[in-house]
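Undergrad: Predicted model and sequence below, questions to follow.
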Amino acid sequence: MATTTIGKHVNAPRSAVYRLLVDAEAVRTWQVPTGMSSEVHEFDPREGGRFRISLTYDDATGTGKTTAQTDTHHGRFITLVPDEQVVQIVEFETDDPTMGGEMIIALSLADADDGGTDIIAIHENLPAGVDPEQNELGWRLSLAKLAALAETGRVP
C-alpha cells in the first residue's frame, strides 16, 4: 500500500494551526480539494472520537467513491497532542474493493525558524484504487487552504 508525505509551511503559530485541525467548521472549509464541496456529518475531536465527512464534486464526474459524485469517509481520532499532532484512522464508505481499507493520516506540527509552523502530513495505507499522485495533489491543495485560513482567516 502506498504512502504520501507532504510538507507545508504556515505563517502562523502552531496553536492557531492545531485549532483548525480539530474544529469541524474549519475542517469543512480547508480539508476539501478545489472543485469539491464538503459536508461534516459528525466530528468529535477527542481521542477515540468519531468523524464522518462527505466531499462532493462540483462538476459531474462519475468518479466518486461512495456515489457517482461523492466521496464519504469516516474514522476516529487516535492521537491528539495539542499544538503538536493529530492522527486519524480513515476509511472510505464504498462498495469498491480497490478503495477499501483503513488509512492512517498523521499531521505533525513543528515550530519554524521564522515563528510560523511547519506541517508534515503523512497519509499511509492508501487503497490500491487511489492514485498516490492524485492523493498528494489533493492534500497539497487542502494544506494550501489550511495555510490561508491560518494566515488570513479566510480561504481564497
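TA: Now that the structure is in, tell me what you want to look at. Numbering: from 1, shown residues only.
Undergrad: Look up how far Thr61 lies from Gly100.
TA: Separation of Gly100 from Thr61 (C-beta to C-beta, to the nearest Å): 20 Å. Heads up, the C-betas are built off the backbone N, CA and C, glycines and all.
Undergrad: Kindly report the same for Glu42.
TA: 25 Å.
Undergrad: got a list of what the most centrally placed residue in the chain touches?
TA: With distances taken as C-alpha atoms, centre = their mean, Gln31 lies nearest the centre of the chain, 4.8 Å away. Neighbour list for Gln31: Ser38, Ile53, Ser142, Lys145, Leu146 [criterion: C-beta atoms under 8 Å, 6 or more residues apart in numbering].
Undergrad: Quick one: residues in contact with the helix or strand the fourth one falls within.
TA: Secondary structure here is read from DSSP states H and E; on that basis Lys145 sits in helix 132-152. Where contact means C-beta under 8 Å, 6+ apart, the residues beyond helix 132-152 that reach it are 2-4, 6, 8-12, 16-17, 20-21, 26, 29-34, 117, 119, 121, 123, 126, 154-156.
Undergrad: Tell me the buried residues within these.
TA: 4, 6, 8, 10, 12, 16-17, 20-21, 26, 29-33, 117, 119, 121, 123, 126 (16 or more other C-beta atoms under 10 Å).
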